[in-house]
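Colleague: sequence unavailable; structure follows:
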Ligand code: MFK
Ligand code: FAD
């Protein structure tokens, strides 16, 4: 007799069979903007389905670093996975990044709709894309005309041959949350050229053509206010500059296709982005953009996990019925869906808000300033929880590598760690609530709620702000107790 064979999950089309994103775009975007966007979303959805087949049918590969060639020359060559090789072509063709820098309040929404569909298939090529977007945003904010002219045409290019990726070199051995002890030094050579000397401990876009790096100008004082932000380029034509040395690729829990490297800078030429101090302040626009990417990508991971879990529930039987007809299994999936939909709504609200603020809605800046750390910390944690629950919904199969499922959980664990851990972002939300920020926030929230028609939701949000105000009053004088409760406050506000 034939042994029983279980059917695996089928991935519903991430765009054509998708309800939430359709509803959001139908509700928000003028019809005149839809034709180009919908064509890109359909193509990115097709790519996502193809990539899911590839994940489940081929042996996984990691990037490979070859440091020396056969004749002893240092080459530091990195071979990338197929998705990474396709990345520049696909993303420039469909304006995944460039869309966000088009004029108008919808630019970011249209960008992040693309990111949402592309992310899981991209094998975290979205990580350097996010940093490139962040670098473009920080360079624009700096007003440095020479750099704007030099770098932005590459970062925002729609031509793969012209397109450059940018890294974000902040973290060092001594600290990633706290960069104030940064050891990398910027020194001027005899020709007046700044050069960086030091070691960066996590560099995720090491195959990129550029980076923004924190460094301490030689002779500057200690602490973070004395750090400067520098722009570097990594390539001389086809060859990596000899002053950039890749020590090794990290062996990571997840994001395994993403080459994250430890690097040495041995006099790499560099250009200050702005004044030769306050580098953290100058890099902040980059952080806020990459945190928004993190949120949208976390939501995309949740969507993938739930979509597969829901499909499987129609194919797997237990106790005489498909799982979906078991009331408790159906309820478990429904609870996951509800949490996911909340996170989706918040992430895309922030995406739209970013576009509005960048296009002149200054009165909403305080709201964006608060919601950015909140959406990042909320979605990061939720992605881990929902991906774990989704694996469980496959039973033992969820634990088996060549189903393609365990990777979802491993990858999700990165969202709460990089780009500011949950605690660091909770503390960042205190910055956003401090002083004048709170009054501006209240006004922005009142405006925002005036557009809605859900009185219960408005009352909940106003109530959470009142609770935050009371919390700040109660603990404001005692920094230690203020910080100790910051995570609880951040989660209350995010919810
Ligand atoms: C696929 C998904 C896409 C995601 C891709 C991600 C790729 C991942 C790669 C990385 O992980 S890159 C490294 C990311 N690193 C971090 O996120 C650093 C985490 N640490 C922090 O966020 C700290 O809060 C920070 C280093 C930014 C500041 O800590 P400090 O030393 O306590 O700084 P301080 O003195 O409070 O702030 C300095 C200035 O920056 C202040 O302004 P002023 O100089 O005007 O007073 C702050 O207000 C300002 N600032 C800090 N954070 C800000 C900000 N301004 C605006 N927005 C923010 N978020
Ligand atoms: P630590 O700061 O040592 O944190 C340890 C713990 O202490 C955490 O739980 C944290 O929440 C907590 N903590 C720290 N400070 C406080 C505080 N004040 N109050 C309460 N709790 C606190 N960095 C880059 O610059 N560029 C990159 O391209 C890059 N790529 C990365 C890729 C991957 C896959 C990973 C995992 C990391 C990458 N990073 C990169 C580094 C990342 O940004 C840092 O690891 C992260 O910001 C945390 O810093 P840390 O490792 O120093 O942790």
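Modeller: Good, I have the coordinates. All of these numbers come straight from a predicted model, not from anything done at the bench. Ligands and ions are numbered 1, 2, ... in the order given.
Colleague: for the chain, which residues score under the pLDDT cut-off?
Modeller: Low-confidence segments of the chain, defined by pLDDT under 70: 1.
Colleague: quick one, what contacts the residue of it found nearest ligand 2?
Modeller: Residue nearest to ligand 2 within the chain (C-beta to the nearest ligand atom): residue 176, separated by 2.4 Å. (C-beta placed from N, C-alpha, C; glycine too.) Residue 176 makes contact with 170, 201-202, according to C-beta atoms under 8 Å, 6 or more residues apart in numbering.
Colleague: report the buried residues of the biggest strand by length in the chain.
Modeller: Longest strand in the chain by number of residues (criterion: DSSP state E): strand 261-272. By neighbour count on 16 or more other C-beta atoms under 10 Å, the buried set for strand 261-272 is 261-263, 265, 267-270, 272.
Colleague: that strand near ligand 1 at all?
Modeller: No: applying C-beta under 6 Å from any ligand atom, one finds strand 261-272 out of contact with ligand 1, separated by at least 12.1 Å.
Colleague: tell me the contacts of residue 438?
Modeller: Here residue 438 is in contact with 469, 472 (C-beta under 8 Å, 6+ apart).
Colleague: for whichever residue of the stretch 101-250 of the chain sits closest to ligand 1, which residues are in contact?
Modeller: Residue nearest to ligand 1 within the stretch 101-250 of the chain (C-beta to the nearest ligand atom): residue 130, separated by 3.7 Å. Going by C-beta under 8 Å, 6+ apart, residue 130 touches 289-290, 293-294, 297.
Colleague: does residue 142 touch residue 282 like I think?
Modeller: Yes: if you go by C-beta atoms under 8 Å, residue 142 and residue 282 touch, sitting 6.2 Å apart.
Colleague: gap between the closest residue in space to residue 369 that isn't next to it in sequence and residue 263?
Modeller: Spatial nearest neighbour of residue 369, excluding adjacent residues (C-beta to C-beta, 6 or more residues apart in numbering): residue 432 at 4.5 Å. Distance of residue 432 to residue 263, computed by C-beta to C-beta, to the nearest Å: 32 Å.
Colleague: got any residues that touch both of residue 142 and residue 282?
Modeller: Common contact partners of residue 142 and residue 282 (C-beta under 8 Å, 6+ apart): 273-274.
Colleague: those two - which one has more neighbours?
Modeller: Between residue 142 and residue 282, counted using other C-beta atoms under 10 Å, the more crowded position is residue 282 (24 against 20).
Colleague: ok and whichever strand or helix holds the more buried one relative to strand 261-272, angle-wise?
Modeller: With secondary structure defined by DSSP states H and E, residue 282 is part of helix 279-315. Helix 279-315 and strand 261-272 are oriented at 140 degrees to each other (axes from the mean of the first three to the mean of the last three C-alpha atoms, to 10 degrees).
Colleague: give the buried residues for helix 279-315.
Modeller: Neighbour-count burial for helix 279-315 [16+ other C-beta under 10 Å]: 279-280, 282-313.
Colleague: near ligand 1 too, which of these?
Modeller: Among the buried residues of helix 279-315, the residues that sit close to ligand 1 (C-beta under 6 Å from any ligand atom) are 280, 284, 287-288, 290, 293-294, 297.
Colleague: widest-spaced pair of the residues you listed?
Modeller: Using C-beta to C-beta, those span at most 23.8 Å, a distance reached by 280 and 297.
Colleague: spell out which residues of the stretch 51-200 of the chain are next to ligand 1.
Modeller: Going by C-beta under 6 Å from any ligand atom, the residues of the stretch 51-200 of the chain near ligand 1 are 124, 126-127, 130-131, 168, 170-171, 176-177, 179-180.
Colleague: which strands or helices does the longest strand of the chain pack on?
Modeller: Using 3 or more C-beta pairs under 8 Å, 6 or more residues apart in numbering; DSSP states H and E as the contact definition, the elements that strand 261-272 packs against are strand 194-203, strand 210-217, strand 228-233, strand 244-249.
Colleague: follow-up on the earlier one: so which of the ones next to ligand 1 among the buried residues of helix 279-315 is the closest to residue 41?
Modeller: In terms of C-beta to C-beta, no member of these lies closer to residue 41 than residue 297, at 16.1 Å.
Colleague: next up, the contacts around the closest one.
Modeller: Residue 297 sits next to 115-116, 119, 126, 130, 415 when contact means C-beta under 8 Å, 6+ apart.
Colleague: what of residue 169?
Modeller: 184, 200, 203, 211-214, 232, 263 are the contacts of residue 169 under C-beta under 8 Å, 6+ apart.
Colleague: same check on residue 203?
Modeller: Residue 203 touches 167, 169, 211, 260-263, counting by C-beta under 8 Å, 6+ apart.
Colleague: close to ligand 2, is the host helix or strand of the residue of the stretch 101-250 of the chain closest to ligand 1?
Modeller: According to DSSP H and E, residue 130 maps onto helix 126-142. No: residues of helix 126-142 contacting ligand 2 under C-beta under 6 Å from any ligand atom: none, with a closest distance of 6.6 Å.
Colleague: now find how far off-centre that helix is within its chain.
Modeller: The chain centre lies 11 Å from the centre of helix 126-142; the measure is C-alpha atoms, centre = their mean, to the nearest Å.
Colleague: and the next helix-or-strand element following it, what does it pack against?
Modeller: Going down the chain from helix 126-142, the next helix or strand is helix 145-155, by DSSP H and E. Here helix 145-155 touches helix 126-142, strand 210-217, going by 3+ C-beta pairs under 8 Å, 6+ apart.
Colleague: pairing partners for the helix or strand following helix 145-155, with directions?
Modeller: Sequence-wise, the next helix or strand downstream of helix 145-155 (DSSP H and E) is strand 166-169. Strands that pair with strand 166-169, judged by DSSP bridges, come out as strand 210-217 (parallel).
Colleague: pull out the buried positions in the strand it pairs with.
Modeller: For strand 210-217, the neighbour count (16+ other C-beta under 10 Å) marks 210-217 as buried.
Colleague: returning to that earlier point: put the buried members of the residues of the stretch 51-200 of the chain next to ligand 1 into a ChimeraX selection.
Modeller: To isolate the buried members of these in ChimeraX, using 16+ other C-beta under 10 Å:
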select :124,126,127,130,131,168,170,171,176,179,180
